[in-house]
Structure formats: C-alpha cells, structure tokens
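*Asks:* quick one: sequence plus predicted model below, questions after.
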Amino acid sequence: MDERGTSPEGVRGASSGAGRTGPEGGKTTTEADAGAEELGQLRAERDRLLAERERLRHELSGPPSHPPRILPKPLPRIPAKPLPPSRRRLLIGAGAAIAVAAVAVPTGIALFGGDSDGGTDTSRGRPGKDASGNPSPTPLRTPPPIAIPAHPRLRPLATLEGHKGEIGTLRFSPDGKSLASSEAQDGVLRLWDVATHKQRAKALLSSLVVFEGVAFSPDGRTVATGHESRAQFWDAATLRPHGKEIAQHDDPLLSFETIAFSPDGRLFATSGFIDQEIRFYDVATHQQKGEPLESAGAHQLVFSPDGKTLASVDESGMDGVRLWDVATRKQRPQPSNDVFGGAGHMVFSLDSGTLAVANDSAEVHFFDAITGKERGKPLAGHSGSVTGLAYSTDGETILTTDYTGPHLWDAATHEHRAAIGNPGPAIAQLAFSPDGRTLATLGFQDKTIHLWRLE
C-alpha cells in the first residue's frame, strides 16, 4: 500500500463534518468554511516566504541549513464553530500582520501500513504493554562524560536507508541506543538501533499528519510526536500507542509542532508557528499544568539541564530568543535581538548557565541564562550557515558543523581547536549522541542517515 494514500479512517474523519450546523440553529457555518480556506492560504503563503528566505540566504552564504519547505496541500474545508473575536490572534511573519480566522481539524488520525518497507498499522494494533499508563518520570542514566580527543577524525559507521522522502528530524534517545527519524513532508517516523543499524520496529506511517516535533521522554520509554493539531505518544520499543493523545479541536490556533520534555521527566512544553503561547503539560496525566507563556509561538523549545530555564524562539526570528523561568513562568531578560535573523540551533551548557545560539549567519553567540547578556566572543569563521551545534558530554568542547564538516571549539575560551574533514556529503543537520562519540548527519534533501564515530 502506498504510504501516502488515503486511509478509510481519514475519509470518515473528513466526511463526518459534512452537514454540521453552526451555533445559530440551522444555519451552515459559511464563516468557518471561509476561515478554513483563509488559514490554508496563510499557511501556504508562510511556507512560500520561508522558502524564498532560504533561496536568498543560499545566494548570499551558500546552501541552506535545511531544505526549503514544499508548499503544503490545501486544508480541507471542515465546518467549525468560529472563535470569538477576542480569541482571534495575529499571525506575524515576514514583516506582515495577518488576522487569522478559525478552522477545525480532522479528529481521526489513521495510521496504516503493510507495504514493502515494513510499515505498521497502529490504528488497529493493540497498545503496548504500558499504553494504559504514561512515561515514568525517572530519567535514564546517561553514559558517563567523555572528552573529545585532541586530534579527532570521523570514522564511518553505517548508512541507514529506508526513508523515501526527505528526512526532517533526527533525535537520539537519552541512552544513545536508539535514533528516531521523521520525514519533512510526509507522515513517516522510523526508529533505529544504533548498534545494529537496523530498524527497531516497523515504520510509523500516517496519511493525515507530518511528525514535525519529535522528542524522547527522559526515561527513554516514550517517543512524543507533535503536529499542528495534536501531540501523540508512542512506545519507544514498538512504536505502538503509549498513553492518550492531546488534541485541540476547540481552538485550532493551538499547535504542537515543537515539543520538549523537562529533564526530570515530569513536564513537557509545546508550541508551534501559528500559536501565540507556550503550554506546559503534566507527563503523568497529559493535563495542562499552570498558565501558558504568552509568546509569538515557537519552532524550538529547549530546557536547560537543571530544568530551571526554558529557551524559545519563533520561526521567523523576528521575536528573538526568549528565556523563561520554569518555576515562576516569568520571562527573564531577553538576549539582544540584534544578532538574530532566526535561531537555527540552541543548546545549553552542561552547568545550565549559558545558552549557545546559532543564528542564520555563520556565527554562534552565547548568552547568560539568567541575565540574557552576551558572554564571550562568538564562534566565527564557518562556511555558510551553522548546521549543527552541541556541547561535548564533559562540557569542555563545543561541536559545530557547517558545509565543510565539523569544527571543535574550546568551551571556556571559544578558541577554535580543530576542523575535521568531512568524508561524506555536506552536513545539513547533526544529532550528537549522549555517548559523546556518535554523530548522525544528513545531507541536503537527504533520504539517508549517516552514522559516524568521533575518535
């Protein structure tokens, strides 16, 4: 069966809304239909502008740090109760402010498979053994810190093949034994055994959603995926449902395109491009916890290792990087927006005191997690955009990648230590394993994953 075919449940979900009446008795919800079409047009225009930005960046500084987005298919017209005027928010992006109307989303997410590459139909499969419960808040014990050698090299380990579309996301599990990968334009999620280079379970396939946000719970038992309309949770061993999903049907401006777990495993935060807030949820109950953070949305959320700080950045970069006190839900002093054109990568130092940010230029800047003030000199001299950013597990070294390959920097002085020749394709995305030595990389518009050993 084609991975991108229409599933029966998807058809039922789309047709079930036909003939609904609006809030005023027997009147049809013409306004909601118009809102659905308008929102689809706004999202298409958003993606067109983002693709144009990538094209211009390519002309100025080399290939883009990630593939330009393909314009999405128009959203189906599904009647929905219009939001009150007070709830309508402004979508700000590409220098324009656009009023966004309400639109409903399909309620059924049908997952199917059985094709030649081993997809699995999880819509009818029984949940895993722990699906009735939720992830344990006990984090896994991560591998011990390892220093990066003074004169390292990259040794090829394997090439992971199986994706048919461009890969958009790479995530290592907390113990480094598993690697999750999702496609940028299609609903495909795969889980790999890093040691054997084989898939741990049959691929998770969806005809209705793209798994835009992917995160492992700190205990390593659950993979969370986020989409515009819902967050879903899967057993990390079987990719079967693991706990109830969270869906927002009453307010389509709430989204789950990015999702991040707190280090203690008790909370996760979520937001998205069209959202105007960041929300926290209890891992055990999947209930919203506390008041949301008022923000211009977020396409990246990163908790500090001590769990006390949350960093966020919107997709356009116009709102800059924000720092939040997780306990009080208050915003801390904001880093200067002068150096940002959109933050491609963010990572905290191991002591949680510093946030490293790679913007759309060829530099990495550092900011105090409490005061927001810049710390030390930036890491400069990359070839084109910075495509990867990580701290070594001992905290002594910063690893960055650009189109030529990896670079090593002293974490204290920000001095350049070494450049490692890249024996593979240009690196468009990097994931650094918790073991401190394994790298997963993607080339531009790549359908294969390259594993390397840093030694």
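*Replies:* Yep, it's here.
*Asks:* when you work out contacts or count neighbours from here on, use the C-alpha atoms and nothing else.
*Replies:* Fine.
*Asks:* ok, and the closest non-adjacent residue to Glu294?
*Replies:* Distance criterion CA to CA, 6 or more residues apart in numbering; nearest residue to Glu294, sequence neighbours excluded, is Glu277 at 4.5 Å.
*Asks:* state the helix or strand in which the nearest residue to Phe233 once chain neighbours are set aside lies.
*Replies:* In space, Phe233 comes closest to Ala224 once its chain neighbours are excluded; the distance is 4.5 Å by CA to CA, 6+ apart. Take DSSP states H and E as the rule and Ala224 turns out to sit in strand 222-226.
*Asks:* give me the contact list for the following helix or strand past that strand.
*Replies:* Elements were assigned by DSSP H and E; along the chain past strand 222-226, the next helix or strand is strand 230-235. The contact list for strand 230-235, computed with CA atoms under 8 Å, 6 or more residues apart in numbering, reads 128, 130-131, 221-226, 240-248, 255-256.
*Asks:* how about 6 Å then?
*Replies:* Thr222, Val223, Ala224, Thr225, Arg240, Pro241, His242, Glu245, Ile246, Ala247, Phe256 (CA atoms under 6 Å, 6 or more residues apart in numbering).
*Asks:* go on, stretch 179-196?
*Replies:* 166-172, 177-178, 198-200, 203-206, 209-211.
*Asks:* whichever of the residues you listed end up buried, select them in PyMOL.
*Replies:* PyMOL command restricting the contacts of stretch 179-196 to the buried ones, with burial defined by 16 or more other CA atoms under 10 Å:
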select buried, resi 166+167+168+169+170+171+172+177+178+199+200+203+204+205+206+209+210+211
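*Asks:* please name the bridge partners of Ala180.
*Replies:* Taking DSSP bridges as the rule, Ala180 bridges to Arg171, Leu191.
*Asks:* low-confidence stretches in the stretch 301-450 of the chain?
*Replies:* Across the stretch 301-450 of the chain, the ranges flagged by pLDDT under 70 are 316-317, 338-343.
*Asks:* what segments of it are strands?
*Replies:* 309-313, 321-325, 330-331, 343-348, 354-359, 364-368, 388-391, 397-402, 405-410, 416-419, 429-432, 438-442, 449-454 (DSSP state E, counting those that start in this stretch).
*Asks:* for Phe216, find the nearest of the ones you listed.
*Replies:* Shortest distance between Phe216 and the strands of the stretch 301-450 of the chain, using CA to CA, is found for strand 429-432: 13.4 Å.
*Asks:* packing partners of the closest one?
*Replies:* strand 438-442 (3 or more CA pairs under 6 Å, 6 or more residues apart in numbering; DSSP states H and E).
*Asks:* who touches the strand it packs on?
*Replies:* Identification of contacts with strand 438-442 by CA under 6 Å, 6+ apart yields Ile427, Ala428, Gln429, Leu430, Ala431, Phe432, Ile449, His450, Leu451, Trp452, Arg453.
*Asks:* which residue sits closest to Trp409, ignoring its sequence neighbours?
*Replies:* Per CA to CA, 6+ apart, closest to Trp409 is His416, 4.5 Å.
*Asks:* quick one: residues in contact with stretch 259-266.
*Replies:* For stretch 259-266, the external contacting residues (CA under 6 Å, 6+ apart) are Pro137, Gly213, Pro218, Leu267, Phe268, Ala269, Thr270, Val283, Gly307.
*Asks:* could I get those residues as a markdown table with secondary structure and neighbour count?
*Replies:* Formatted as a markdown table, these follow (DSSP: H, G, I helix; E, B strand; the rest coil; neighbours: other CA atoms under 10 Å):
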| residue | secondary structure | neighbour count |
| --- | --- | --- |
| Pro137 | coil | 17 |
| Gly213 | strand | 24 |
| Pro218 | coil | 25 |
| Leu267 | strand | 21 |
| Phe268 | strand | 24 |
| Ala269 | strand | 23 |
| Thr270 | strand | 27 |
| Val283 | coil | 22 |
| Gly307 | coil | 18 |
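*Asks:* which one of the residues you listed is nearest Ala362?
*Replies:* Taking CA to CA as the measure, Ala362 lies nearest Gly213 of the contacts of stretch 259-266, at 25.3 Å.
*Asks:* show me what contacts the closest one?
*Replies:* The contact partners of Gly213, by CA under 6 Å, 6+ apart, come to Thr225, Gly226, Glu257, Thr258, Ile259.
*Asks:* taking these, please make a ChimeraX selection of just the buried ones.
*Replies:* The buried residues among these can be selected in ChimeraX (16+ other CA under 10 Å) with this line:
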select :225,226,257,258,259
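*Asks:* quick one on the thing from earlier: pipe the strands of the stretch 301-450 of the chain into JSON lines and attach mean neighbour count and distance to His382 per row.
*Replies:* Shown next, in JSON lines, are those (neighbours: other CA atoms under 10 Å; distance: least, CA to CA, whole Å):
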{"stretch": "strand 309-313", "mean neighbour count": "24", "distance to His382": "22"}
{"stretch": "strand 321-325", "mean neighbour count": "21", "distance to His382": "21"}
{"stretch": "strand 330-331", "mean neighbour count": "15", "distance to His382": "32"}
{"stretch": "strand 343-348", "mean neighbour count": "23", "distance to His382": "14"}
{"stretch": "strand 354-359", "mean neighbour count": "24", "distance to His382": "11"}
{"stretch": "strand 364-368", "mean neighbour count": "22", "distance to His382": "9"}
{"stretch": "strand 388-391", "mean neighbour count": "23", "distance to His382": "11"}
{"stretch": "strand 397-402", "mean neighbour count": "23", "distance to His382": "6"}
{"stretch": "strand 405-410", "mean neighbour count": "21", "distance to His382": "9"}
{"stretch": "strand 416-419", "mean neighbour count": "16", "distance to His382": "10"}
{"stretch": "strand 429-432", "mean neighbour count": "22", "distance to His382": "15"}
{"stretch": "strand 438-442", "mean neighbour count": "23", "distance to His382": "17"}
{"stretch": "strand 449-454", "mean neighbour count": "19", "distance to His382": "20"}
